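**Student:** Below are the sequence and a predicted model; questions follow.
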Amino acid sequence: MGDGVVNVTDIQLEKLFADPTKVIELHNLIYKETEKILDLIAEWNNQISLGASGTEFAREILAKSEKAVVLMQKIYAYGGYFGTQAQRMLWKKFLSNIANLPLGNGNTFLLELRAYPALLVMYAGTIGAIAANNYLNLKAVMDSSVTTNGGQTMLVAAVNNSLLSVSADQILGSNTRYQLSNHLAENLKKSLPKMLVFDKEFDGIFDRAEAFIAIIISDFNVRNNENGWAPLGRFAGMYRGNKSQTALIKEEIETAGEEWPPLKANLFGGKKERALAAIQNVETMSRRF
């Protein structure tokens, strides 16, 4: 059990999700993992307030985050894929706990980077839901919220804003386009259970998940009287056959209409027009790049 790591196998996780009587046990496991992550964030807060700075410390935050959330990523991936109605409140509650960062003083660059654990966990839950076409579970992850200076806001938008404000090329040692997106793909490909996402399927599922994140954030920003901005991941430059992910999603909506499963799960307020408008915003941004 060294270094605070809880040794839980994939088989044990499967049993937790399969048995509806295990909700308390699942809650306690997520609680322990959340506390571990919050302790790490508090440690960074203290170091930053005492003057920690520099690229090496930023890379240390990334590396420690990725190590600390391995089990939490698996939990959220299984939750996105298999989670039931009784379990969905867990995804919102604990993801919000991780993302509600304490006030801090010091290097703004590093303070923003404290959102990285929440981003890793949010991506895992999103990929699990997309892999299973489970849009009720996707909505549970997307409905998580955080408190910022402007009040309550959508967690997925807040953590993306924080991480994209950081110079990813400086931290990751790369100046390629979508470097953070590519880095996340590599991390998640290694950490997510293979039974949920086979290697040969991973890239398509990851790109579709990022496209959904972008479309949902764009819709959120429009509803909050903003300009429909959305974070662009590598999906913006990736094609399946000769079509982009956003084009494929648009085709689904045009074919299924109001019966499109994400609308039935009340994403985009259940309104086809909102989903199509958000896709248009994301496609316009993609063309600019």
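**Tutor:** Great, that's in hand.
**Student:** List the residue ranges of the chain that fall below the pLDDT cut-off.
**Tutor:** 1-7, 149-151, 161-170, 173-177, 198-199, 239-241, 289 (pLDDT under 70).
**Student:** which helix is the longest one in it?
**Tutor:** Taking residue count as the measure and DSSP state H as the definition, the longest helix of the chain comes out as helix 23-49.
**Student:** Quick check: next helix or strand after it?
**Tutor:** Counting by DSSP states H and E, the next helix or strand C-terminal to helix 23-49 is helix 55-68.
**Student:** export the following helix or strand past that following helix as PDB, just CAs?
**Tutor:** Tracing the chain past helix 55-68, the next element assigned as helix or strand by DSSP H and E is helix 70-82. C-alpha atoms of helix 70-82 as PDB (Å, rounded to 0.1, in the frame of the first residue of the first chain):
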ATOM      1  CA  VAL A  70      -4.400   6.900 -11.900                       C
ATOM      2  CA  LEU A  71      -7.100   5.100  -9.800                       C
ATOM      3  CA  MET A  72      -9.500   8.100 -10.000                       C
ATOM      4  CA  GLN A  73      -9.200   8.100 -13.800                       C
ATOM      5  CA  LYS A  74     -10.200   4.400 -13.800                       C
ATOM      6  CA  ILE A  75     -13.100   5.000 -11.500                       C
ATOM      7  CA  TYR A  76     -14.400   7.800 -13.600                       C
ATOM      8  CA  ALA A  77     -13.900   5.800 -16.900                       C
ATOM      9  CA  TYR A  78     -15.800   2.900 -15.400                       C
ATOM     10  CA  GLY A  79     -18.400   5.400 -14.100                       C
ATOM     11  CA  GLY A  80     -18.800   7.000 -17.500                       C
ATOM     12  CA  TYR A  81     -19.200   3.600 -19.200                       C
ATOM     13  CA  PHE A  82     -21.300   1.600 -16.600                       C
END
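**Student:** packing partners for the helix or strand just after helix 70-82?
**Tutor:** Sequence order places helix 85-99 as the next helix or strand after helix 70-82, per DSSP H and E. The contact analysis (3 or more Cβ pairs under 8 Å, 6 or more residues apart in numbering; DSSP states H and E) places helix 85-99 against helix 23-49, helix 70-82, helix 116-132, helix 135-142, strand 145-148, helix 155-164. All C-beta spots, glycine's among them, are computed from the backbone N, C-alpha and C.
**Student:** and the angle from the second one to helix 135-142?
**Tutor:** Taking axes from the mean of the first three to the mean of the last three Cα atoms, to 10 degrees, one finds that helix 70-82 is oriented at 140 degrees with respect to helix 135-142.
**Student:** Mind giving me the packing neighbours of helix 70-82?
**Tutor:** Using 3+ Cβ pairs under 8 Å, 6+ apart as the test, helix 70-82 ends up in contact with helix 10-18, helix 23-49, helix 85-99, helix 116-132, helix 135-142, helix 179-191.
**Student:** rewinding a little: closest to M89 out of the helices and strands packed on helix 85-99?
**Tutor:** In this view, the helices and strands packed on helix 85-99 are compared for proximity to M89 by Cβ to Cβ, and helix 135-142 is the closest at 7.8 Å.
**Student:** just to revisit the earlier point, possible to save the helices and strands packed on helix 85-99 as TSV with mean neighbour count and distance to R287?
**Tutor:** Below are the helices and strands packed on helix 85-99 laid out as TSV (neighbours: other Cβ atoms under 10 Å; distance: least, Cβ to Cβ, whole Å):
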stretch	mean neighbour count	distance to R287
helix 23-49	17	37
helix 70-82	24	30
helix 116-132	26	24
helix 135-142	23	25
strand 145-148	17	30
helix 155-164	22	19
